[in-house]
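Peer 1: one predicted model, sequence on top.
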Amino acid sequence: MIEDIRAFLKGFGGSFKEQSTEYIEFEERELENVFALILMGSFVGIPSPPTTLVVRLMPHMIKEMHVMQQRAINLDDIFGEIAGMFDID
């Protein structure tokens, strides 16, 4: 009986850890998008930081540029993704 309770609690805690990790990964992905949009904002009409700063950071933004390109291709519905994560119907 005690082993069953322990197994249940272990599974219960594991599901929270998995869900929390999913939320953190989603937030990280969105923060990377925001960072890239701030640096590349001139393409969509947002005032951008000084050009020298953007040029110095450009080599470090390869991943972010690929992510932005993929999101532009897929045109994900960000609000739908958030609603799916929180099980909002």
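Peer 2: That came in fine, so what should we check first? Quick caveat, the model's predicted, so the values are computed rather than measured. Residues are numbered from 1 along each chain as shown.

Peer 1: where exactly do the helices run in the chain?
Peer 2: In the chain, the segments counted as helices under DSSP state H are 2-39, 51-57, 62-74, 78-85.

Peer 1: figure out which of those helices is closest to G45.
Peer 2: When the helices of the chain are compared by Cβ to Cβ, helix 2-39 sits nearest G45, at 11.2 Å. In this view, the C-beta of every residue, glycine as well, is placed from N, C-alpha and C.

Peer 1: can you mark which positions in that closest one are buried?
Peer 2: A36, L39 (16 or more other Cβ atoms under 10 Å).

Peer 1: with adjacent residues omitted, what lies nearest to the most centrally placed residue in the chain?
Peer 2: What sits nearest the mean C-alpha location of the chain, by Cα atoms, centre = their mean, is R29, with 2.0 Å. Spatially, and ignoring its direct neighbours in sequence, R29 is nearest to V67 (7.2 Å; Cβ to Cβ, 6 or more residues apart in numbering).
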